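Colleague: got a predicted model here, sequence first, then my questions.
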There are 2 protein chains.
Amino acid sequence: MSPKSGDDGTVVSLSDGRTRPRGGGEGRRGEIVSAAADFFAEHGYHTVGMREIAEAVGIRGASLYNHFSSKEEIMYAIALRMTRELQDQHMPLLDAAGTPRERLANLIRAHILSLAEHQTEHLVSLREQTALTPEHLAEITDIRKYYQRRVRDVIAAGVAAGEFHAVNPHQAAVAVLDMMNGISWWLHDGEDVEALADTYTAYALDGVLQSGS
Amino acid sequence: MSPKSGDDGTVVSLSDGRTRPRGGGEGRRGEIVSAAADFFAEHGYHTVGMREIAEAVGIRGASLYNHFSSKEEIMYAIALRMTRELQDQHMPLLDAAGTPRERLANLIRAHILSLAEHQTEHLVSLREQTALTPEHLAEITDIRKYYQRRVRDVIAAGVAAGEFHAVNPHQAAVAVLDMMNGISWWLHDGEDVEALADTYTAYALDGVLQSGS
DNA sequence: GTCTATAATTGGATAGAC
DNA sequence: GTCTATCCAATTATAGAC
């Protein structure tokens, strides 16, 4: 087994010809999460059975319980991966040097690019929140709220610096995030994601945040 | 039974002190749909049992089948009520006299007001699409697409008239609709809906549609 | 870590009396 | 139209061998 691969040797080919183990490098667990996310996105959390998920990764239903203690734990892993990944990768962009406008532009671009890269997981973690236990939901919600607060703060900083006209940073942050997250519902393969990111950056920075409301 | 009421006499009090039968005036069926929508919004379609819905309207689970042939038919009624209502009530606003900008402003306001009035149904019909049969989903999707096309067309008309700067009416329509529909997820009682409609109208007309992308 | 077999429960839907 | 009683299928999760 020469190129580094998943536990069963499954690999995913990248655009430059190299390969990486399927499932985000977490081995079998990552494989399961990715397969489950695809099914959940297509058919919804509750219509998908453990047997289907298992079959997709080449094992039997019962064997899933060697990796996750319940179906909900798989869903939780999806939601956590998405929210944490967005937070860990994007918050540094808001902490970096630059004007508020520049920092927000970087975040919007990064947000849309990761959303496009993990579209199914993102859609599932937005749509299937009711599948989470109250404790897990609370944890996910906290992370989301923190992310939203940070966006609000950089908008407020931009308003203070005279770069934006919006008078209500909280409401503007919600509107911009809802507009971006909506992309998860309709983005299809073959779309020019870079152009999409440019367009939405303009919608936000030269649009919503200049509307003077 | 003096004021007009539901089959069981249940009434809803309006802001001016008058009452109307609960459930949108469709009698028992409307009552069931409203109760189901509340539960679906709170806990998700699949976590809610027929027995719970029945109990909420004061009957037994089996009796629901005198009004709906299946649980999915209840969900379908929710989705159809929301999509058709938006279409029937709002398309005339786009057909009326006035500039594209004025007509779109009227639609945005009406969209947000009905969304606030029927928030739970709206959230459910957006989020629980995977609960619908393929046939019903296709029907709902067609109505949604038509609505979106009409918004795109009025944007295109506004661009042609020099009222808007957006170069891609389709993408701008999607962004504006996603931004508005996002409201369903977080709107809470006591919010000033009129002010919200004003703000979002500005986000769209003076924001996204002036961003020049 | 995966398997077969099965437990345990849930939940949508039906039958037939009233 | 509503009830009680029940069926039946599906599905999460466990037990214990390999």
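Modeller: Nice, thanks for sending it over. All figures in this text were calculated on a predicted structure; none of them were measured in a lab. Numbers count the residues shown, from 1 in each chain, chains lettered A, B, ... in the order given.
Colleague: correct me, but A:Arg81 touches A:Glu121?
Modeller: Yes. Counting by CB atoms under 8 Å, A:Arg81 does reach A:Glu121; the two are 6.5 Å apart. Bear in mind the C-beta positions are built from the backbone N, C-alpha and C, glycine included.
Colleague: which of the two has more neighbours?
Modeller: A:Glu121 (26 against 20; other CB atoms under 10 Å in any protein chain shown).
Colleague: now the more buried one, nearest residue through space, not along the chain?
Modeller: Take A:Glu121 and drop its neighbours on the chain: the residue closest to it by CB to CB, 6 or more residues apart in numbering or on different chains is A:Ala37, 4.5 Å away.
Colleague: got the contact list for A:Val57?
Modeller: Under the criterion of CB atoms under 8 Å, 6 or more residues apart in numbering or on different chains, the neighbours of A:Val57 are A:8, A:28, A:31-32, A:35.
Colleague: if you could redo that for A:Gly207, that was the one I meant.
Modeller: By CB under 8 Å, 6+ apart, the residues touching A:Gly207 are B:203, B:207-211.
Colleague: coming back round to it: ramachandran angles for the residue nearest to A:Glu121?
Modeller: Dihedral pair for A:Ala37: phi -60, psi -40, per degrees, to the nearest 10.
Colleague: same check, this time on A:Glu191
Modeller: Torsion angles, degrees, to the nearest 10, at A:Glu191: phi -70, psi 150.
Colleague: what about the closest residue in space to it that isn't next to it in sequence, how many neighbours?
Modeller: Closest residue in space to A:Glu191, ignoring its immediate chain neighbours: A:Ala116 at 7.7 Å, by CB to CB, 6+ apart. Look at A:Ala116: counted by other CB under 10 Å, it has 18 neighbours.
Colleague: just checking, A:Ala116 touches A:Leu187?
Modeller: Yes. Between A:Ala116 and A:Leu187 there is a contact at 6.1 Å, judged by CB under 8 Å.
Colleague: what's the overlap in contacts for the two?
Modeller: In contact with both A:Ala116 and A:Leu187: A:193, A:196, using CB under 8 Å, 6+ apart.
Colleague: which helix or strand contains A:Pro92?
Modeller: In the assignment (DSSP states H and E), A:Pro92 maps to helix A:71-95.
Colleague: is it true that A:Ser211 touches B:Thr201?
Modeller: No. Contact status for A:Ser211 versus B:Thr201: not in contact, 9.3 Å apart, counting by CB under 8 Å.
Colleague: report the residue ranges of every domain in chain A.
Modeller: As recorded under automatic domain parsing, the domains making up chain A are A:11-69, A:79-208.
Colleague: quick one: work out the angle between the helix ranked longest in chain A and helix A:71-95.
Modeller: Longest helix in chain A, counting residues (DSSP state H): helix A:134-160. Helix A:134-160 and helix A:71-95 meet at an angle of 20 degrees, taking axes from the mean of the first three to the mean of the last three CA atoms, to 10 degrees as the criterion.
Colleague: how about the residues of chain A near DNA strand D?
Modeller: A:46-51, A:61-62, A:65, A:69-72 (CB under 7 Å from any atom of the strand).
Colleague: by mean pLDDT, flag the weakest helix or strand of chain A.
Modeller: strand A:11-13 (a mean of 47; mean pLDDT, DSSP states H and E).
Colleague: A:Val167 is in what secondary structure piece?
Modeller: Using DSSP H and E, no helix or strand contains A:Val167.
Colleague: before we move on, the earlier item: the helix holding A:Pro92: which residues count as buried?
Modeller: For helix A:71-95, burial by neighbour count (16 or more other CB atoms under 10 Å in any protein chain shown) applies to A:71, A:73-83, A:85-86, A:90, A:93-94.
Colleague: just to revisit the earlier point, phi and psi next, for the residue nearest to A:Glu191.
Modeller: phi -70, psi -40.
Colleague: quick check: it vs A:Glu42, distance?
Modeller: Distance from A:Ala116 to A:Glu42, counting by CB to CB, to the nearest Å: 18 Å.
Colleague: next: A:Tyr203.
Modeller: Note on A:Tyr203: its distance to A:Glu42, by CB to CB, is 29 Å.
Colleague: equivalent analysis for A:His67, please.
Modeller: A:His67 is 21 Å from A:Glu42, by CB to CB.
Colleague: repeat that for A:Asp178.
Modeller: The value you get for A:Asp178 to A:Glu42, if CB to CB is used, is 23 Å.
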